[in-house]
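> Mind looking at a prediction? Sequence and model below.
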Amino acid sequence: MTPRLLEKYRNEIMPKLMEDFKLKNKMAVPKVDKIVVNMGIGEGTQDVKVLEKSVDELANITGQKPIIRRAKKAIANFKVREGQAVGAKVTLRRTMMYEFMDRLLNIALPRIRDFRGVSSDSFDQGFNYTLGLSEQIIFPEIEYDKITRTQGMDITFVIKNAKNVEQARSLLKYFGMPFKHKEEK
């Protein structure tokens, strides 16, 4: 079964972007290539249970098993040794990506307390958008009673074929990304 947002992209968003930016070829239209969800787990260096719990929660949120990221260098100030587990990462593509994006935009972000939108300036040089969340409890897959500590995460939308920030921003806006208005900064 085709995800709802993929059908919306093919039927509504792609023609709008072609019209807005005067693109003649469908292959030149910007699209979301993948979504990378990264969770830094600093306390996981001292307590393995914290690491395991965070990895399980990330797996529940994304529907895919995360890979554990390890420290490349030892940093004495942070009590981190080389090779120690310091985070978890999931790369979502195709169907899983569209399903996750649908849950994020339509269910999770509106559940944030005092939510006024996300920053429209968080694009990098490759026109990818990164969104930082401070709590994992905004996702409905997480049971509020079973969490021991709140955990933040970064979500990066890797955008392909965008020629400038305006094209990438328009793509995400058409998907339903709730950007703040400029005067609300």
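It's in.
> State the pLDDT value of the residue of the chain positioned farthest from its centre.
When distances are taken from the C-alpha mean of the chain, residue 76 lies farthest, 30.5 Å away, according to C-alpha atoms, centre = their mean. As predicted, residue 76 sits at a pLDDT of 77.
> Same check on residue 36?
For residue 36, the model assigns a pLDDT of 93.
> Give the partner strands of the strand or helix carrying it in its sheet and their orientations.
Assigned by DSSP states H and E, residue 36 belongs to strand 31-40. Strand 31-40 has the following strand partners under DSSP bridges: strand 85-92 (antiparallel), strand 153-160 (antiparallel).
> tilt between the very next helix or strand once past the first one and strand 85-92?
Per DSSP H and E, strand 85-92 leads on to helix 94-103 as the next helix or strand towards the C-terminus. Compare the direction of helix 94-103 with that of strand 85-92 by axes from the mean of the first three to the mean of the last three C-alpha atoms, to 10 degrees and you get 100 degrees.
> buried residues in whichever helix or strand comes after helix 94-103?
Toward the C-terminal end, the helix or strand that comes next after helix 94-103 (DSSP H and E) is strand 129-133. Buried residues in strand 129-133, counted by 16 or more other C-beta atoms under 10 Å: 129, 131, 133. Using the backbone N, CA and C atoms, a C-beta is placed for each residue, glycine as well.
> ok, the residue farthest from the centre of the chain - contacts?
Residues near residue 76 by C-beta atoms under 8 Å, 6 or more residues apart in numbering: none.
> Could you report the separation of it from residue 85?
Per C-beta to C-beta, to the nearest Å, residue 76 is found 18 Å from residue 85.
> bridging residues for the residue nearest in space to the middle of the chain?
Note on the chain: the residue nearest the mean C-alpha position is residue 155, at 2.4 Å, using C-alpha atoms, centre = their mean. Residue 155 has these beta-bridge partners by DSSP bridges: residue 37, residue 131.
> Now do the contacts for it.
Neighbour list for residue 155: 35, 36, 37, 38, 104, 130, 131, 132, 133 [criterion: C-beta under 8 Å, 6+ apart].
> quick one: contacts of the helix ranked longest in the chain?
Counting residues, the longest helix found in the chain (DSSP state H) is helix 48-62. Residues outside helix 48-62 that contact it (C-beta under 8 Å, 6+ apart) are 37, 39, 41, 43-44, 65-66, 68, 85, 88, 90, 92, 96, 100, 136, 139, 141-142, 147-149, 151, 153.
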